[in-house]
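>>> Build me a model from this:
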Amino acid sequence: MIDTLTIGIRFALYVDLMLLFGLPLFGLYALKGVERLHSNVLPLRALAICLSATGVVLSVLSIFAMTASMAGVALLEVDRASVSMMISETPMGKAWAARMAALFGTLIIAIVMGRLKTPTWLVLVSMGSAGALASLAWTGHGAASEGVAGTRHLIADIVHLLAAGAWIGALAALGALLFRPAHSMSDDHIRLTHRALEGFSLIGTAIVALIVVSGLLNSWILVGPEHLLSMSSSLYGQLLIAKLVLFGAMLGLAAVNRFRLTPAFDHAIEGGGTLPAISRLRRSVICETSAALIILGLVAWLGTLEPPMSM
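Coordinates of the predicted model:
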């Protein structure tokens, strides 16, 4: 029961903090000027406020769930002294405290500065949410290693989290732009959506490269070359294989989006018949987002299991 609850909270935190980081970042590189301020394009301020507040609530739940898991007791049996000790005396607890500070910071910035006609608040929210998202590395296997190898593993975990957050945020933003009622799909909005797709195509290459490199490093450390052929014999290995297969599918969909669907969308705009092109992009984004959510669920589960190198 504790593991199931821990996995659920970890999954919700991954989704929430990745969106909190990825959406403002998308607003910075894919939108221009007043587009970042208009809620009818993307309600970035409202989303930042909601996601920051949700992150605070989920983080409170997570510290109780982690304490319960370590103590081997039910969630309702966790006492305040145990939670205080977890926060003050463990790396996970200190990372949790840093995350809470970052989330309260992003919440205040979004409320106070979000009305200003400047992208400064988006920069600050992106920076704060990057810190909050990076803190999750201390709840996984990356913080368990020691020495130089442990430092490399932790850095790889952080890079992996931030790159994944940028991708998840972009998928959510592109989905919001594409899934509009027909009466909201003006010519200006359609051209903005196409520009956003092209903008993400460029930065997406760097995001994929970071995910692949950091993921390979993490797998090398956690699995080890001597366990590669026997990966399917353990639950950890089976989940990791499923994750890799889904990630491969995401790469394939991303490639189709960049080299086929986005150029076809451009041609459709020039020709005046955009509905079929938009429908194909919508289906692709649904599939890619679904794969991403399943991967996050697998990652949340993997974080509660012993990797082969620890056995």
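
>>> give me the number of residues near Leu275?
10 (other C-beta atoms under 10 Å). Quick note: C-beta positions are derived from backbone N, CA and C, even for glycine.

>>> Return the distance of it relative to Pro181.
Leu275 is 13 Å from Pro181, where distance means C-beta to C-beta, to the nearest Å.

>>> same check, this time on Ala12
29 Å.

>>> Could you do Ala163 as well?
For Ala163 relative to Pro181 (C-beta to C-beta), the value is 33 Å.

>>> Which residue is the nearest non-sequential neighbour of Ile109?
Leaving out its chain neighbours, the residue that sits closest to Ile109 by C-beta to C-beta, 6 or more residues apart in numbering is Leu124, at 4.9 Å.

>>> ok, now which ones touch Cys50?
Listed by C-beta atoms under 8 Å, 6 or more residues apart in numbering, the contact set of Cys50 is empty.

>>> can you tell me how far it sits from Leu133?
In terms of C-beta to C-beta, Cys50 sits 16 Å off from Leu133.

>>> One more: Ala30?
Going from Ala30 to Leu133 by C-beta to C-beta gives 19 Å.

>>> what pLDDT does Leu23 get?
Model confidence at Leu23, given as pLDDT, is 96.

>>> name the element it belongs to?
helix 2-30 (DSSP states H and E).

>>> Can you list the buried residues in that helix?
Under the neighbour-count criterion of 16 or more other C-beta atoms under 10 Å, helix 2-30 has 2, 5-7, 9-27, 30 buried.

>>> can you check stretch 243-252 too?
Under the neighbour-count criterion of 16+ other C-beta under 10 Å, stretch 243-252 has Lys243, Leu246, Phe247, Ala249, Met250 buried.

>>> Check the model's average confidence along that stretch for me.
94.

>>> Stretch 166-175 now?
96.

>>> Helices of the stretch 151-300 of the chain, start to end?
187-222, 235-256, 262-271, 275-302 (DSSP state H, counting those that start in this stretch).

>>> helices or strands up against the third one?
To tie it back to what came earlier, the one meant is helix 262-271. In terms of contacts (3 or more C-beta pairs under 8 Å, 6 or more residues apart in numbering; DSSP states H and E), helix 262-271 is packed against helix 187-222, helix 275-302.

>>> ok, the residue nearest to Ser62 when sequence neighbours are not counted - contacts?
Nearest non-adjacent residue to Ser62, counting by C-beta to C-beta, 6+ apart: Ile9, 5.0 Å away. By C-beta under 8 Å, 6+ apart, the residues touching Ile9 are Leu58, Leu61, Ser62, Ala65.

>>> how about low-confidence regions in the stretch 1-150 of the chain?
Along the stretch 1-150 of the chain, segments meeting pLDDT under 70 span 1-2, 141-149.

>>> try 80 this time
1-3, 37-40, 71-76, 115-117, 140-150 (pLDDT under 80).

>>> For it, just list every one of the helices.
Counting by DSSP H, counting those that start in this stretch, the helices of the stretch 1-150 of the chain are 2-30, 44-71, 80-89, 91-113, 120-134, 147-178.

>>> what are the phi and psi angles of the residue lying closest to His189 once chain neighbours are set aside?
In space, His189 comes closest to Arg180 once its chain neighbours are excluded; the distance is 6.9 Å by C-beta to C-beta, 6+ apart. Arg180 has phi and psi values of phi -120, psi 150 when expressed as degrees, to the nearest 10.

>>> For Thr151, give its distance to Leu217.
12 Å.

>>> For my notes, please list the helices of the stretch 1-150 of the chain in CSV and give distance to Ser186 for each entry.
Compiled in CSV, the helices of the stretch 1-150 of the chain are given as follows (distance: least, C-beta to C-beta, whole Å):
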stretch, distance to Ser186
helix 2-30, 18
helix 44-71, 20
helix 80-89, 50
helix 91-113, 28
helix 120-134, 24
helix 147-178, 12
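
>>> Would you tell me which of those helices gets closest to Leu302?
Among the helices of the stretch 1-150 of the chain, the nearest to Leu302 by C-beta to C-beta is helix 2-30 (9.5 Å).

>>> could you give the angle of that closest one to helix 275-302?
140 degrees (axes from the mean of the first three to the mean of the last three C-alpha atoms, to 10 degrees).

>>> Provide the angle between the direction of helix 2-30 and the direction of helix 147-178.
Helix 2-30 runs at 70 degrees relative to helix 147-178, counting by the same axes, to 10 degrees.
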